[in-house]
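A.B. asks: When you get a sec, could you give me coordinates for this:
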Amino acid sequence: MARPSKCRCICSMPRITEFLPRGEADLREPVVLQVDEFEVIRLLDYKGFTQEQCAGRMNISRTTVTRIYEAGRRKVAQALVEGRGLSIKGGDVMICTSLRPECAGELHCCHRQGKED
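C.D. replies: Numbers count the residues shown, from 1 in each chain. This next block holds a predicted model:
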């Protein structure tokens, strides 16, 4: 019997949730990147976190971060190579309900959006 999925903690939902190719795009359904996959890619590649820091921020194990990261990068690569749209939605996530100490100075925190624009 598989273990139940642990809810991933994220600061906020992405503001932009669809990316569409220009030119001769593939007309198939867009590739769906789950919100937790987006958050792991954002923390590791955009923010430069280590996998351990990312795991702590999202309240999951480092091995789960690795698995989510690999799945997310595969989907982004599929969208780029096949010229398909990319849609960010779904996944087992929980948005934090209050400003956490580790979010100090975090521009993408849901509790700061609209305050620093």
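A.B. asks: List the contacts of the worst-scoring helix or strand of the chain on mean pLDDT.
C.D. replies: Ranked by mean pLDDT, DSSP states H and E, the helix or strand of the chain with the weakest confidence is strand 93-95, at a mean of 74. For strand 93-95, contacts defined as C-beta atoms under 8 Å, 6 or more residues apart in numbering pick out 7-13, 35-36, 39, 110. The way it works is simple: take the backbone N, C-alpha and C, and place the C-beta from them, glycine included.
A.B. asks: ok, of the residues you listed, which come out buried?
C.D. replies: Buried by 16 or more other C-beta atoms under 10 Å: 8-12, 35-36, 39, 110, out of these.
A.B. asks: so where's this protein shaky on pLDDT?
C.D. replies: 1-7, 25-26, 96-117 (pLDDT under 70).
A.B. asks: change it to 80
C.D. replies: 1-12, 24-27, 91-117 (pLDDT under 80).
A.B. asks: ok, Asp36 to Pro21 distance?
C.D. replies: Asp36 is 24 Å from Pro21, where distance means C-beta to C-beta, to the nearest Å.
A.B. asks: you'd agree Arg84 is up against Val32?
C.D. replies: No: counting by C-beta atoms under 8 Å, Arg84 does not reach Val32; the two are 10.3 Å apart.
A.B. asks: okay, those two: which has more neighbours?
C.D. replies: In terms of neighbours (other C-beta atoms under 10 Å), Arg84 is the more surrounded of Arg84 and Val32; the figures are 20 against 15.
A.B. asks: SS state for that one?
C.D. replies: Secondary structure for Arg84, judged by DSSP: H, G, I helix; E, B strand; the rest coil, is coil.
A.B. asks: Check which residues of the least confident helix or strand of the chain are buried.
C.D. replies: Counting neighbours by 16+ other C-beta under 10 Å, strand 93-95 gives Val93 as buried.
A.B. asks: Grab the nearest non-local neighbour of the residue nearest the centre of the chain.
C.D. replies: In the chain, the centroid-proximal residue (C-alpha atoms, centre = their mean) is Phe38; its distance is 1.8 Å. Using C-beta to C-beta, 6 or more residues apart in numbering and skipping residues adjacent in sequence, the residue nearest Phe38 is Ile88, 5.0 Å away.
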